[in-house]
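Q: This is a predicted model, with the sequence first.
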Amino acid sequence: MGNAFQCSIKRIRFDENYEPASNTRQTTNFANLARGESRQQNLRRTLAMINNRFNSLATVDNPKGDRYSLEIDIISAEIDIEGNGQTFPFIETLKSTILDHKTHQRIEGMIGNSFSSYVRDYDFSVVLPALGCKFNEIPEDFGDLHGKLYLHLVNSDVFKTEFRQNPVICLSVSTTKTYYQTANVHPVLGVEYTNDDYSRTDAYFAKMGLSVRYFKPQGANAPLAFYCAGDLLRDYMDFELISAIATMESFQKIYRPEIYNTNSPAGVEYQPSLSYGDYSLTRIEYDRVERGQLAVKQGKWTEEHFIKPYKNILYEWAANFKVETAQQDAAA
């Protein structure tokens, strides 16, 4: 049991030749785009959107808007519960590297961006329905195990050796909340919005040690939700923030066009809605219905292959887990 709960990290390049690994969650935006007859065209157009958005925000000494491009890796974290070599793919995020075509430099981009988790599928698609939870009702221990697994990963030697920063997760704003524009304007992130109603997703990410702020970057139609463990405005360089905006706003335009690809931007008071009709579709094929169906399917798969087989071990470990212990173990 010496290597029990050992984490490992794999990288897969997200480019026009990307093909999802067999253990990749099929609900991830990058996996969904990489299937079917239009897969390569989808990927090529998605990457072009990301690069164009990055250049639209990184305008200094960039007169033609083509100085930079992003290289994106899918980071898949696996965990070996019993220390017997059997691993479970429990978290996927994205890591970007910025290529400066003028100086030929490679610059660190953001780690995090998208967030994909089998256990999260299990919690939202299996646990909540089984408990008969009403809208936004939060069971007392909901997300405890998932949050501790995430904290275990980001405090591990394996993660700290690979990445110098903690992840910033960037998600769509909630269609059940109203957002209010503030007077706070960040030079990169743009106009800050706030809401006064903590959502179930916010509470879930809080178990991971992450708090949320909402910003609408220049040229964007709606605010993005940025989940971060530290100080979002001070801990990250401008290019890291721009890389997160470029990557995740592009994905959101593809699968949330009613919010992020509308023909009019969010106002001072903003209520996102998937029934909003005045929006444009991208030229990228995306199956949103299948994505919802797969979340349930993969949640049940997680229950069968991870939660049930390791239930006693997982909950005993979680009961004794402390962030301070994880940090001490990583520093040892």
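A: Received, thanks. Numbers count the residues shown, from 1 in each chain.
Q: Which parts of the protein are strands?
A: Applying DSSP state E to the chain gives strands spanning 6-14, 68-80, 87-100, 105-116, 168-172, 179-186, 190-194, 211-216, 224-228, 269-270.
Q: List the pairing partners of the last one within its sheet, with orientation.
A: Here strand 269-270 has these sheet partners by DSSP bridges: strand 179-186 (antiparallel).
Q: and the partner strand, how far out from the chain's middle?
A: Taking Cα atoms, centre = their mean, to the nearest Å, one finds strand 179-186 lying 23 Å from the centre of the chain it belongs to.
Q: Below-threshold pLDDT in this protein: ranges please.
A: For the chain, residues meeting the criterion pLDDT under 70 lie at 1-2, 20-38, 285-293, 324-332.
Q: Can you name the residues bridging to His186?
A: On the basis of DSSP bridges, His186 is bridged to Gly190.
Q: if we can go back for a sec, save the strands of the chain as a markdown table, and put in mean neighbour count and distance to Asp202 too.
A: Every residue, glycine included, has its C-beta placed from N, CA and C. Below are the strands of the chain laid out as a markdown table (neighbours: other Cβ atoms under 10 Å; distance: least, Cβ to Cβ, whole Å):
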| stretch | mean neighbour count | distance to Asp202 |
| --- | --- | --- |
| strand 6-14 | 16 | 26 |
| strand 68-80 | 20 | 23 |
| strand 87-100 | 21 | 19 |
| strand 105-116 | 21 | 14 |
| strand 168-172 | 22 | 10 |
| strand 179-186 | 15 | 13 |
| strand 190-194 | 19 | 12 |
| strand 211-216 | 20 | 5 |
| strand 224-228 | 23 | 8 |
| strand 269-270 | 16 | 17 |
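Q: Just to check, Ile12 is in contact with Ser76?
A: Yes. Counting by Cβ atoms under 8 Å, Ile12 touches Ser76, with 6.8 Å between them.
Q: Nearest to Leu145, out of the strands of the chain?
A: Nearest to Leu145 among the strands of the chain is strand 87-100 (10.5 Å), distances taken as Cβ to Cβ.
Q: Could you check the angle that closest one makes with strand 6-14?
A: On the basis of axes from the mean of the first three to the mean of the last three Cα atoms, to 10 degrees, strand 87-100 is oriented at 50 degrees to strand 6-14.
Q: Please renumber the chain so that the first residue is 34 from this point on.
A: Renumbered: residue one is now 34, and that last one reads strand 120-133.
Q: Next, report how far strand 120-133 is displaced from the centre of its chain.
A: The answer for strand 120-133 is 10 Å, by Cα atoms, centre = their mean.
Q: cool, and stretch 151-169?
A: Stretch 151-169 has its average C-alpha position 19 Å from the chain's average C-alpha position, going by Cα atoms, centre = their mean.
Q: Any buried residues in it, and which?
A: Buried residues in stretch 151-169, defined by neighbour count with 16 or more other Cβ atoms under 10 Å: 151-161.
Q: Kindly report the same for stretch 271-279.
A: For stretch 271-279, burial by neighbour count (16+ other Cβ under 10 Å) applies to 272-279.
Q: How about stretch 180-192?
A: Of the residues in stretch 180-192, 180-189, 192 count as buried by neighbour count, 16+ other Cβ under 10 Å.
Q: now, among these, which is nearest to Pro172?
A: Distances from Pro172 to those, taken as Cβ to Cβ, are shortest for Gly180 (13.5 Å).
Q: quick one: that closest one and Val245, what's the gap?
A: When Cβ to Cβ, to the nearest Å is applied, the distance between Gly180 and Val245 equals 14 Å.
Q: likewise Phe238?
A: Here the distance between Phe238 and Val245 works out to 7 Å (Cβ to Cβ).
Q: Need the residues touching each of these two.
A: Residues touching both Phe238 and Val245 comprise Tyr260, with contact defined as Cβ atoms under 8 Å, 6 or more residues apart in numbering.
Q: can you give me phi and psi for Gly263?
A: With angles defined as degrees, to the nearest 10, Gly263 sits at phi -110, psi -140.
Q: right, and it touches Gly242 too?
A: No. Using Cβ under 8 Å, Gly263 and Gly242 do not qualify as a contacting pair, with a distance of 9.6 Å.
Q: from the chain's centre, how far out does stretch 194-205 sit?
A: Centre to centre, stretch against its chain (Cα atoms, centre = their mean), the figure for stretch 194-205 is 9 Å.
Q: Tell me where this protein has helices.
A: Along the chain, the stretches classed as helices by DSSP state H are 62-66, 72-90, 151-155, 161-164, 177-187, 190-195, 233-239, 271-288, 290-293, 321-335, 341-353, 356-364.
Q: Can you add distance to Lys249 and give those back as TSV?
A: As requested, the helices of the chain are arranged in TSV below (distance: least, Cβ to Cβ, whole Å):
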stretch	distance to Lys249
helix 62-66	20
helix 72-90	13
helix 151-155	26
helix 161-164	30
helix 177-187	27
helix 190-195	30
helix 233-239	18
helix 271-288	10
helix 290-293	10
helix 321-335	23
helix 341-353	37
helix 356-364	32
